[in-house]
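Student: let me see the structure of the following:
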Amino acid sequence: MAGQIPQRFIDDLLARVDVVEVVGERVKLKKAGRNYSGLCPFHQEKSPSFTVSADKQFYHCFGCGAHGNALRFLMEYDKLRFPEAVEQLAGRLGLEVPREGADDPRAQARERKRKAGVNLLELSASFFRERLKMPEAQGARAYLEGRGLAPEVIDTFGIGYAPAGWEHLKRHLGERGIGEAVQVEYGLLVQREESGRTYDRFRDRVMFPIRDIKGRTIGFGGRVLGDAKPKYLNSPETPVFHKGRELYGLFEARQADHRLERVVIVEGYMDVVALAQFGIRNAVATLGTATTDEHLSRLFRLVNEVVFCFDGDRAGRQAAQRALETVLPLMIDGRQARFLFLPEGEDPDTLVRREGAEAFQDRITCASPLSEFLFDQAAAGRDLARLEERERYASQVLKAIGRLPEGVLRSLMLSELSRRTGVEAANFSALLAKAEGAPATGAPSGAGPQSREVGRPPEPPPGPGEALEAATGRAGALSLAARALQLLVHEPALVEGLPAEDDWCPEEDPDGALCREVIRLLRAGGYRSPQVLLAHFHGTPEGERLAALARRELLIPRTARRAELEGLVGHFRRHRRRRSPQEEIDALLARERAGERLSREEKQRLMALITELHR
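Tutor: As a prediction, this is how the structure comes out:
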């Protein structure tokens, strides 16, 4: 869907919805004077410390500090992203969520096409379910019964059957006015290039609909009943289905328990369905691809713990190594990753049938933590009594630790590596800092992303000190870019006074890049609420950084904040002009290599600088 949700709509929505009703549908509340109270849903407690105010339309827990409005509650409790939470609140009132640019004919055409594609896939899923009940599907029903699946589980996952003919689905959809070109585009038909002939992609297969987080069918997986190859066939990439993003069973897992705390990643559809048959409803499967960082980012927005489940053979160990490399950069504090290896020759489907649900749950509980797996993997096949082997072991582990975000886990891993090798942890820290091009010492852990000059006082502005110098002195470890970002977090309306171009944001500072992103978001959505701004970044490292700046007290009086921000912008622009052409070229090229798209003006500036330098 195109465009940002307008701020005026969000404000109106929060004014019309009742936070007591929203919370009361999920938490048992009792009237307590003018407020309502109950047990906090965000931490374990025996006596109520959770309060909901009808007057202020706000909830607050005096135990864990959780607080916010109805929108924030839906995001935290139902684990929804910001746009999804807005849509759910709007649905309660029967409102359509508007979008900036929604009157663009091209955007409207794209949205109509997307909805038509989803409707087409829902029609196909219904067709497959109906065919499973027919005499021709006796073999499919026998297969499902042989795997021990109860009718309730088959219904929950919407399992169906694709008949053996070449054009059954094609004719069914054609009779409902759906053209062949659309069926090809959404992966239901295959078209031969040489002849142009089209035929059903899925034939004589047990069909597993793949659903998105809202339960809409976006693709299919089919398990062959005969000897045809491949054994499992997935939908191709389509306008609504991307296998590197979607996970089979995630919708069903959330339906079974909206307060999921752990997700088990397995390899196939039948593993997910078989575990569900035995009451293990928190399993998901990738769709013919290795687990991607997008898969994991999506899961970590919903749960704090992910368990990778692999076969115990060599291929399983190699897959686990790839998963380890993918998950390391995402392991911010509070997240857990575990690795479960099954006995050779077993998969979750066969093992849960042989051992039972309780034994399989025990295996999940006892799965190796990420740290243990990392150390064991590095030690495999090495004689650590030999100095050279111990050096290679330490180097491999240190390289992996370097991929971890700053935080407690990284510090603990360095301490453990020191204990296992006898090398001082400070030496490993120095090696890491050297590899990353940063000083070995810096701000205390947990301060969030810092500029490259960590540990040094911020560079004072040129000329008279005025409010800018005083402010940087009060801010302590904050860089000047972080100072500008903090002002925007506390008072988003300040964006109105900023220059039209954001080229003043310092490229060499991570807070400068985030500042640029915040400015673009504030301008696109017209947001003026700090809470809405933080909600947009919720569940990301950038969100943690912004939340930390929001918690940090801003000592500048409100009347002086605009002048303060203008002073910072002026300083950055003067500093930019003082940079040598080569420094400016290097900074622009670094941003481009990092995957950031330069604006037209920045590209013109880069070409002009290069031309000038080589005259």
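
Student: per-residue pLDDT of Arg576, please?
Tutor: We have a pLDDT of 66 for Arg576.

Student: in space, what's closest to Asp311 - neighbours in sequence excluded?
Tutor: Spatial nearest neighbour of Asp311, chain neighbours left out: Leu342 (5.8 Å); criterion: Cβ to Cβ, 6 or more residues apart in numbering. (C-beta placed from N, C-alpha, C; glycine too.)

Student: tell me, how many residues neighbour that neighbour?
Tutor: 19 (other Cβ atoms under 10 Å).

Student: what sits against it?
Tutor: Contacts for Leu342 (Cβ atoms under 8 Å, 6 or more residues apart in numbering) come out as 309-312, 316, 348, 351, 363.

Student: buried subset of those residues?
Tutor: 309-311, 316, 348, 351, 363 (16 or more other Cβ atoms under 10 Å).

Student: and Ala140, that's in a helix?
Tutor: Yes - judged by DSSP: H, G, I helix; E, B strand; the rest coil, Ala140 forms part of a helix.

Student: show me what the nearest residue to it once chain neighbours are set aside is bridged to.
Tutor: Spatial nearest neighbour of Ala140, chain neighbours left out: Tyr161 (4.2 Å); criterion: Cβ to Cβ, 6+ apart. Under the criterion DSSP bridges, Tyr161 forms beta bridges with Val206.

Student: Phe208 is in contact with Tyr161, correct?
Tutor: No - counting by Cβ atoms under 8 Å, Tyr161 stays clear of Phe208, with 10.8 Å between them.

Student: roughly how far apart are the closest residue to Tyr248 other than its chain neighbours and His295?
Tutor: Sequence neighbours aside, Ala285 is the residue nearest to Tyr248 in space, at 4.4 Å (criterion: Cβ to Cβ, 6+ apart). The gap separating Ala285 from His295 is 10 Å, by Cβ to Cβ, to the nearest Å.

Student: ok, now Asp204?
Tutor: On the measure of Cβ to Cβ, Asp204 and His295 end up 30 Å apart.

Student: of these two, give the one with the bigger neighbour count.
Tutor: Using other Cβ under 10 Å as the criterion, Asp204 and His295 rank with His295 on top: 25 against 19.

Student: element containing that one, please.
Tutor: Element membership for His295 (DSSP states H and E) is helix 293-300.

Student: report the buried residues of that helix.
Tutor: 295-296, 298-300.

Student: pull out the buried residues from stretch 501-519.
Tutor: 502-519.

Student: nope, stretch 480-488 is what I meant
Tutor: Buried residues in stretch 480-488 (16+ other Cβ under 10 Å): 480-488.

Student: with stretch 270-279 instead?
Tutor: For stretch 270-279, by 16+ other Cβ under 10 Å, it's 270-278.

Student: Pro83: which of those is nearest?
Tutor: Val272 (26.9 Å; Cβ to Cβ).

Student: please report phi then psi for the closest residue to that closest one other than its chain neighbours.
Tutor: Spatial nearest neighbour of Val272, excluding adjacent residues (Cβ to Cβ, 6+ apart): Gly249 at 4.0 Å. Dihedral pair for Gly249: phi 90, psi 0, per degrees, to the nearest 10.
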